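J.: A structural model of the following input is requested.
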Amino acid sequence: MAEIPASTDSSPVNQLRVRRTDNHRAAAPICNGSPGNKVVRFGSLEPAQVTILKQCTLPLVAVMTLAICTLIRSHSWSLELSGLGLVTFLISAQIFSPLDLGKRPGTESPYKLVSRILFDWSCVVAVLVFLAAAFKLTHVFLRDVIMSWFMVTPVALLLVDSLKTPVAQWLASDRGMVQRYIIIGANDVGAELARRIENSNACEKFFGFLDFRSAERAIEGLDKPVAAKCSARDFADFVRNNSIGRVYLALPISRAPRIEELLKELRDTTASIYFVPNIFAFDLVQARCVQINGMPAFSICDSPLQGMSGLWKRAFDVALALVALILTWPVLLAIALAIKQSSPGPILFKQRRYGLNGEEILIYKFRSMTVCEDGSEVAQATQRDCRVTPLGAFLRRTSLDEVPQIFNVLEGKMSFVGPRPHAVAHNEVYRKLINGYMIRHKVRPGITGWAQVNGLRGETSTVDKMRSRVHYDLDYLKNWSLWLDVKIIARTALIVVNDRNAY
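T.: Numbers count the residues shown, from 1 in each chain. So this is what the prediction gives:
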């Protein structure tokens, strides 16, 4: 039999090798190692039924209350009421806060709970009344049914909200396979993660903390066991031997080499792996996780008025500005005539300030001084300032000099509530002295603000006073809500007459 040279390509083994190579190239992975071919999807770990329950419970309560009120009033359910119920459900689903099944009893004060539900329901009612008036449907519905429905629904919502704890416990009790999990990282982030998982009433069993470091370096107060001085292989063995379903990595980003080694070992298990980066080490302003066409990003410092939040605030400002103009135009006219008669100079004082994103804007005020300073140096008004006119002193004390800023609100340059705008000259000074000063410009400046209703209205004669004002401004950005705006406006109305800090 003739021998086949080793280098020939006609051997069956070599031909098979060639075919395997070609097949391998044809079946290349969809995503290679480059970031350009990878996509990250955003989701939740909670079961679908829990998500639906949280989102739909309160809107369904509003619809069911309508049906009950109709039945009690001895009226038949009609096609018009079906349409009203559907519209109510859709609107409520957008306005109502989801039913929070993760909170323990007593974490939200009764006052805040009642205020939130009343405010949410009032917004729903306002939208329904507007739609009914706009489409001339007010005559279609029975007034006694609608009025009783408007009054009874908040009580029903409060009752259902009070039952959320037993509902959460029922969902967490023996709902299928219990997930076993561990947290790698016996640090502050790991401890907080364990607390939040426990408070979420999730159907999971915690098997303790594991860490690369020694036990002495673990934080104090951990109520779960800690396995210290572990290697990446030890972690993987523990996961396999204890049938761990979820592994949470609460390790600093600076430990990238160890994280990479750990991930390689954990690929030999069937556990789901979640990386929890320590972004809490930074001073967070409206932190959120976002996706940019499938690529994840953490927002460390952002504006609270993104998306629908900005739309709701702008609609609130425009509506309130129109109502204010209708109610105050006689006062505006009277003040304008009084200023013209009392002292020479323009009626309105215009000054350059920093607005949204640090852009210069012109704000309007009734002139309260004998000068209209707007240069590179602007002296703040002080007590018994000789530049303030007698009428101006009254206007400044009662904040009536700020009323023309309603026109700034309509222009979109200002908001009713936000950080008070400072003169450009003052901004250029304080931005160099106070860390984070310019972050307050991530929202429109306001006629009133969180700092002003907390005693920081008027002159800021020292850097410490300005630093305190900026602290409240940043606190407003971190905790913004439409309800907070309403609260600030109400407090402003109560304190403006008795406040002696403005002059």
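
J.: Give me the helices and strands touching the one helix or strand residue 430 maps to, please.
T.: Assignment of secondary structure by DSSP states H and E places residue 430 within helix 424-433. Here helix 424-433 touches strand 348-354, helix 463-478, going by 3 or more Cβ pairs under 8 Å, 6 or more residues apart in numbering; DSSP states H and E. For glycine as for every other residue, the C-beta is placed from the backbone atoms N, C-alpha and C.

J.: Any idea which of the ones you listed gets closest to residue 300?
T.: Across the helices and strands packed on helix 424-433, the minimum distance to residue 300, taken as Cβ to Cβ, is reached by helix 463-478, at 12.0 Å.

J.: same for the closest one, what does it pack against?
T.: Using 3+ Cβ pairs under 8 Å, 6+ apart, the elements in contact with helix 463-478 are helix 424-433.

J.: now the helix it packs on: how far from the chain's centre is it?
T.: With Cα atoms, centre = their mean, to the nearest Å as the basis, the distance from the averaged C-alpha position of helix 424-433 to the chain average is 28 Å.

J.: in that helix, what's buried?
T.: By neighbour count, with 16 or more other Cβ atoms under 10 Å as the criterion, the buried positions of helix 424-433 are 424-427, 430-431.

J.: Now render those residues as a markdown table, adding pLDDT and distance to residue 439.
T.: Compiled in a markdown table, the buried residues of helix 424-433 are given as follows (pLDDT from 0 to 100; distance: Cβ to Cβ, whole Å):
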| residue | pLDDT | distance to residue 439 |
| --- | --- | --- |
| 424 | 83 | 17 |
| 425 | 81 | 20 |
| 426 | 82 | 16 |
| 427 | 85 | 13 |
| 430 | 89 | 12 |
| 431 | 88 | 10 |
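
J.: got the residues you listed as CSV, with distance to residue 461 columns?
T.: Rendered in CSV, the data for the buried residues of helix 424-433 read as follows (distance: Cβ to Cβ, whole Å):
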residue, distance to residue 461
424, 19
425, 16
426, 12
427, 17
430, 13
431, 18
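
J.: closest to residue 278 among those residues?
T.: Comparing every one of those with residue 278 (Cβ to Cβ), the shortest separation belongs to residue 431, at 28.9 Å.

J.: What pLDDT does the model give the closest residue to the closest one other than its chain neighbours?
T.: Counting by Cβ to Cβ, 6 or more residues apart in numbering, residue 437 is the residue found nearest to residue 431 once chain neighbours are left out, at 4.6 Å. The confidence metric pLDDT takes the value 90 at residue 437.

J.: quick one: contacts for residue 437?
T.: With contact taken as Cβ atoms under 8 Å, 6 or more residues apart in numbering, residue 437 is in contact with 427, 430-431, 470.

J.: returning to that earlier point: for the buried residues of helix 424-433, which one is nearest residue 257?
T.: residue 431 (39.3 Å).

J.: Does that closest one touch residue 438 like I think?
T.: Yes - Residue 431 sits in contact with residue 438 when judged by Cβ atoms under 8 Å, with a separation of 5.4 Å.

J.: returning to that earlier point: and the buried residues of helix 424-433, which is closest to residue 274?
T.: residue 431 (39.4 Å).

J.: Next, find the distance separating that closest one from residue 120.
T.: Noted for residue 431: a distance of 38 Å to residue 120, by Cβ to Cβ, to the nearest Å.

J.: which residues of the stretch 201-350 of the chain fall in helices?
T.: For the stretch 201-350 of the chain, helices defined by DSSP state H, counting those that start in this stretch occupy the ranges 232-241, 256-266, 308-342.

J.: closest to residue 99 out of these?
T.: Relative to residue 99, the nearest member of the helices of the stretch 201-350 of the chain by Cβ to Cβ is helix 308-342, separated by 19.5 Å.

J.: What are the buried residues along the closest one?
T.: In helix 308-342, the ones that count as buried by 16+ other Cβ under 10 Å are 312-313, 316-317, 320-321, 324, 332, 335, 339.

J.: so it versus strand 348-354, what angle?
T.: Here helix 308-342 points in a direction 140 degrees away from that of strand 348-354 (axes from the mean of the first three to the mean of the last three Cα atoms, to 10 degrees).

J.: what mean pLDDT does helix 308-342 have?
T.: For helix 308-342, the mean confidence score works out to 90.

J.: That one - contacts with which helices or strands?
T.: Secondary-structure packing of helix 308-342 (3+ Cβ pairs under 8 Å, 6+ apart): strand 360-366, helix 390-397, helix 405-411, strand 415-417, helix 482-495.

J.: quick one: the longest one to helix 308-342, angle?
T.: Per the same axes, to 10 degrees, the angle that helix 482-495 makes with helix 308-342 is 20 degrees.

J.: buried ones in helix 482-495?
T.: Residues of helix 482-495 classed as buried by neighbour count (16+ other Cβ under 10 Å): 482, 485-489, 492, 495.

J.: What of the second one?
T.: Buried residues in helix 390-397, counting neighbours by 16+ other Cβ under 10 Å, are found at 391-393, 395-397.

J.: and it with strand 348-354, angle?
T.: Taking the same axes, to 10 degrees, one finds that helix 390-397 is oriented at 40 degrees with respect to strand 348-354.

J.: returning to what we had before: closest one to residue 62 among the helices of the stretch 201-350 of the chain?
T.: When the helices of the stretch 201-350 of the chain are ranked by proximity to residue 62, the top entry is helix 308-342, at 19.4 Å, counting by Cβ to Cβ.

J.: tell me how far that closest one is from the chain's mean position?
T.: Taking Cα atoms, centre = their mean, one finds helix 308-342 lying 28 Å from the centre of the chain it belongs to.

J.: i'd like the first residue to be 203 from this point on
T.: New numbering, starting at 203: the last item is helix 510-544.

J.: Run through the helices of the stretch 253-402 of the chain in chain order.
T.: Ranges of helices within the stretch 253-402 of the chain are 281-297, 312-336, 345-364, 366-374, 390-401, based on DSSP H, counting those that start in this stretch.

J.: With mean neighbour count added, can I get these in TSV?
T.: Conversion of the helices of the stretch 253-402 of the chain to TSV gives the following (neighbours: other Cβ atoms under 10 Å):
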stretch	mean neighbour count
helix 281-297	16
helix 312-336	15
helix 345-364	16
helix 366-374	15
helix 390-401	17
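
J.: just flag whichever of these has the lowest average confidence.
T.: Ranked by mean pLDDT, these end with helix 366-374 at the bottom, a mean of 65.
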